[in-house]
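[1] Here is my input, please return the structure:
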Amino acid sequence: MNQIIRSLTIFLILISIVGVSYAAVAKLQEGKKFSGAELPNKFKDDFEKEVGKLQYADLFRTKKDDITKSDGGIRIDQQGSFPRGDKKKKFKVYNLQAQTNGKSSKTVSHIEVYETINAPTVADQNEVLSLAKEAFEKSKNSGKSYSVIPN
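    Got it, this is the predicted structure:
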């Protein structure tokens, strides 16, 4: 009986530690409409595929390029970063866009990711990545930009 109580106590302590450490590190913030285009139906599967390819590190890349190395009608582009904040606390915001491929590419989804997000664990990084993917989807559906910001 003592062994069961001891095991249960240890289990409850571990659960409480995990519960405390799993506070959300980031959240989504809806922005303004962007001057983009509606996603053509023929590219909906390509959009899902490209967003699905994203990795956590892709969100914070500094090189402007096709970060998912697309092979379909949609690509995820890193458009660079820009500064935010006041003079004393400047930080980068990464600008990512889902765009159609071709001569006259059009932006169909736009997100921003704040570099100030503190995601030290794999679980935290997965949370941020999941929010970024959700932001791409919401942006595509609404025509608005979404930001992944610190919580």
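
[2] how would you label the residue nearest to the spatial centre of the chain: helix, strand or coil?
    In the chain, the residue lying closest to the centroid (Cα atoms, centre = their mean) is residue 132, at 1.7 Å. Of the three states, residue 132 takes helix under DSSP: H, G, I helix; E, B strand; the rest coil.

[3] Surely it and residue 111 touch.
    Yes. In this structure, residue 132 is within contact of residue 111 by Cβ atoms under 8 Å, at 6.2 Å. C-beta: built from backbone N, CA, C; applies to glycine.

[4] shared neighbours of those two, anything?
    Shared contacts of residue 132 and residue 111 (Cβ atoms under 8 Å, 6 or more residues apart in numbering): 96, 148.

[5] I figured residue 82 hits residue 113, correct?
    No. In terms of Cβ under 8 Å, residue 82 does not count as a neighbour of residue 113; the distance is 11.7 Å.

[6] now the end-to-end length of stretch 64-74.
    16 Å (Cα to Cα, to the nearest Å).

[7] Actually, stretch 61-80.
    8 Å.

[8] Give me the buried stretch members for it, please.
    With burial defined by 16 or more other Cβ atoms under 10 Å, the residues of stretch 61-80 counted as buried are 67-68, 70, 73-78.

[9] what's the most distant pair in those residues?
    Spanning the widest gap among the buried residues of stretch 61-80 are 73 and 78, at 18.7 Å by Cβ to Cβ.

[10] and residue 145, how many neighbours does it have?
    22 (other Cβ atoms under 10 Å).

[11] Verify the assumption that residue 112 is located in a strand.
    Yes. Residue state for residue 112 (three-state DSSP) corresponds to a strand.

[12] Distance of it relative to residue 71?
    In this view, residue 112 and residue 71 are 26 Å apart by Cβ to Cβ, to the nearest Å.

[13] Report the contact partners of residue 118.
    The neighbours of residue 118, taking Cβ under 8 Å, 6+ apart as the test, are 25, 124, 150.

[14] which one of those is nearest residue 3?
    When the contacts of residue 118 are compared against residue 3 (criterion: Cβ to Cβ), the nearest one is residue 124, at 34.4 Å.
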